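Enquirer: okay, sequence plus prediction incoming.
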Amino acid sequence: MTEKITERIENYKRLRQEWVDKQSNYQWTMKERESGSTTYGFYQERELIFTVKILELEWVLSIFTEKH
């Protein structure tokens, strides 16, 4: 069971890194520089979603390892 959780955590870390990379490589337009970017905000939101999932699974994994 812990192996499956660990695999899922690693998968989420990979997916989160993809969104971080998109943020790093994002090309701002002049309009976005003045008023902000919904696209960049979406990228940050996706990164946060994966961060939360990772933290929750790491918490579950710690429960399993404490019991054994």
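Expert: It's in.

Enquirer: so what touches the least confident helix or strand in the chain by mean pLDDT?
Expert: Lowest by mean pLDDT, DSSP states H and E among the helices and strands of the chain is helix 30-35, with a mean of 87. Contacting residues not belonging to helix 30-35 are listed as 39, 40 [Cβ atoms under 8 Å, 6 or more residues apart in numbering]. All C-beta atoms are positioned from the backbone trio N, CA, C, and that covers glycine.

Enquirer: name the nearest residue to residue 22, ignoring sequence neighbours.
Expert: Ranked by Cβ to Cβ, 6 or more residues apart in numbering and with sequence neighbours excluded, the top spatial neighbour of residue 22 is residue 43, at 5.0 Å.

Enquirer: C-terminal to the least confident helix or strand of the chain, what's the next element?
Expert: Counting by DSSP states H and E, the next helix or strand C-terminal to helix 30-35 is helix 38-67.

Enquirer: which other helices and strands contact that following helix?
Expert: Helix 38-67 sits against helix 2-24, with contacts defined as 3 or more Cβ pairs under 8 Å, 6 or more residues apart in numbering; DSSP states H and E.

Enquirer: in the helix it packs on, which residues are buried?
Expert: 9, 12, 15, 16, 19, 20, 22 (16 or more other Cβ atoms under 10 Å).

Enquirer: same check, this time on stretch 43-54
Expert: Neighbour-count burial for stretch 43-54 [16+ other Cβ under 10 Å]: 43, 46, 47, 50, 53, 54.
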